[in-house]
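S.K.: Sharing a model that was predicted from the sequence below.
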Amino acid sequence: MTEKLGKSGKLVTFEGIDGSGKSTMLSRLQKVDESEPLSCSGSVFTREPTKETLTGKAVYAAIENNVDPLAELFLFLADHAAHLSDTVLPALENGKLVVSDRYSDSRCAYQGATLNGTISDAFNFVCRLHEPWTRKPDLTFLFDIRPEVSCERCKDRGAQTKFERVDFLKEVTANFKKLAEREPDRFVILNAEAAPEENEKIILEKIRAILK
Ligand SMILES: Nc1ncnc2c1ncn2[C@@H]1O[C@H](COP(=O)(O)OP(=O)(O)OP(=O)(O)O)[C@@H](O)[C@H]1O
Ligand SMILES: Cc1cn([C@H]2C[C@H](O)[C@@H](COP(=O)(O)O)O2)c(=O)[nH]c1=O
């Protein structure tokens, strides 16, 4: 991992399966930041896949169609590279707090599952692909939820993606847990089935601690 890149700011990521409440929490945090800035250098709220970009549009086209899973992985990686150079690294270099709704751990968790059986040791293959060039998060919140509950939430909110299936999300969950076990100092596991207010309090406390 490239530790030198973006050394002055802090990178916080939200991870978890579909419907675990990441986007809702990011919006809550943005509202807090508007009234009570989280960082004196300013904050950038972003996401992966990126939206309204060449690479993000290619990723969503792949998600909505039946694209070869290895090709889909490389589209996600291209979007991550563009996200780093266009948004994340410039903000970190300016000392900002960057909060991203999904980041590289989602690739390891999801494409480690979609490529399982196609690529030997797919999970570690995907993790290793990032190592020479990505910027690791300083803090990651893993929104832990039962896939059955997350799929119900996804049904309630309308359009579903091909990933929103209980059995598949069980494998994705196991991959997220593997990542958290490898880096216990980076991950904070949240009960995503708890009330948002509870988790917002934990998140604000942890973010303020790393900004001190
Ligand atoms: N703590 C919560 N309790 C109950 N419902 C919630 C909670 N947080 C979010 N929701 C609801 O669950 C649904 C999914 O939330 P959200 O879109 O924030 O999840 P997400 O993790 O961003 O999903 P995805 O990764 O698929 O974009 C929404 O309808 C949202 O209103
Ligand atoms: C970053 C990333 C995402 N995904 C999956 C997860 C979701 O099912 C879709 C779209 O994400 P959104 O948060 O619902 O907009 O893409 C993935 O498979 N790999 C990744 O790296």
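M.R.: Sure thing, it's come through. Ligands and ions are numbered 1, 2, ... in the order given.
S.K.: center of the chain, which residue is that?
M.R.: Arg102 (1.7 Å; Cα atoms, centre = their mean).
S.K.: For the residue lying closest to Val166 once chain neighbours are set aside, give its distance to Arg165.
M.R.: Leaving aside its chain neighbours, Val166 sits nearest to Pro147 (4.6 Å; criterion: Cβ to Cβ, 6 or more residues apart in numbering). No exception for glycine: its C-beta is placed from N, CA and C like everyone else's. Distance, Pro147 to Arg165, using Cβ to Cβ, to the nearest Å: 8 Å.
S.K.: so where is the protein shaky, pLDDT-wise?
M.R.: Residues of the chain that meet the criterion pLDDT under 70 lie in 1-7.
S.K.: for Gln160, what are its contacts?
M.R.: Gln160 is in contact with Cys154, counting by Cβ atoms under 8 Å, 6 or more residues apart in numbering.
S.K.: for it, helix, strand, or coil?
M.R.: Of the three states, Gln160 takes coil according to DSSP: H, G, I helix; E, B strand; the rest coil.
S.K.: all helices of the chain, in order?
M.R.: Ranges of helices in the chain, per DSSP state H, are 22-35, 54-64, 69-83, 89-93, 104-106, 112-114, 122-130, 147-157, 166-182, 196-211.
S.K.: Check which residues of the first one are buried.
M.R.: If I follow you right, that is helix 22-35. 22, 24-26, 28-29, 33 (16 or more other Cβ atoms under 10 Å).
S.K.: for it, packing partners?
M.R.: Where contact means 3 or more Cβ pairs under 8 Å, 6 or more residues apart in numbering; DSSP states H and E, helix 22-35 is packed against strand 10-16, strand 43-47, strand 97-101, strand 139-144, helix 196-211.
S.K.: of these, which approaches ligand 1 most closely?
M.R.: helix 196-211 (4.5 Å; Cβ to the nearest ligand atom).
S.K.: who does the closest one touch, helix- and strand-wise?
M.R.: Applying 3+ Cβ pairs under 8 Å, 6+ apart, we find helix 196-211 packed against strand 10-16, helix 22-35, strand 97-101, strand 139-144, strand 187-191.
S.K.: Tell me the spacing between the closest residue to Thr118 other than its chain neighbours and Val126.
M.R.: Using Cβ to Cβ, 6+ apart and skipping residues adjacent in sequence, the residue nearest Thr118 is Pro69, 6.4 Å away. Using Cβ to Cβ, Pro69 is found at 11 Å from Val126.
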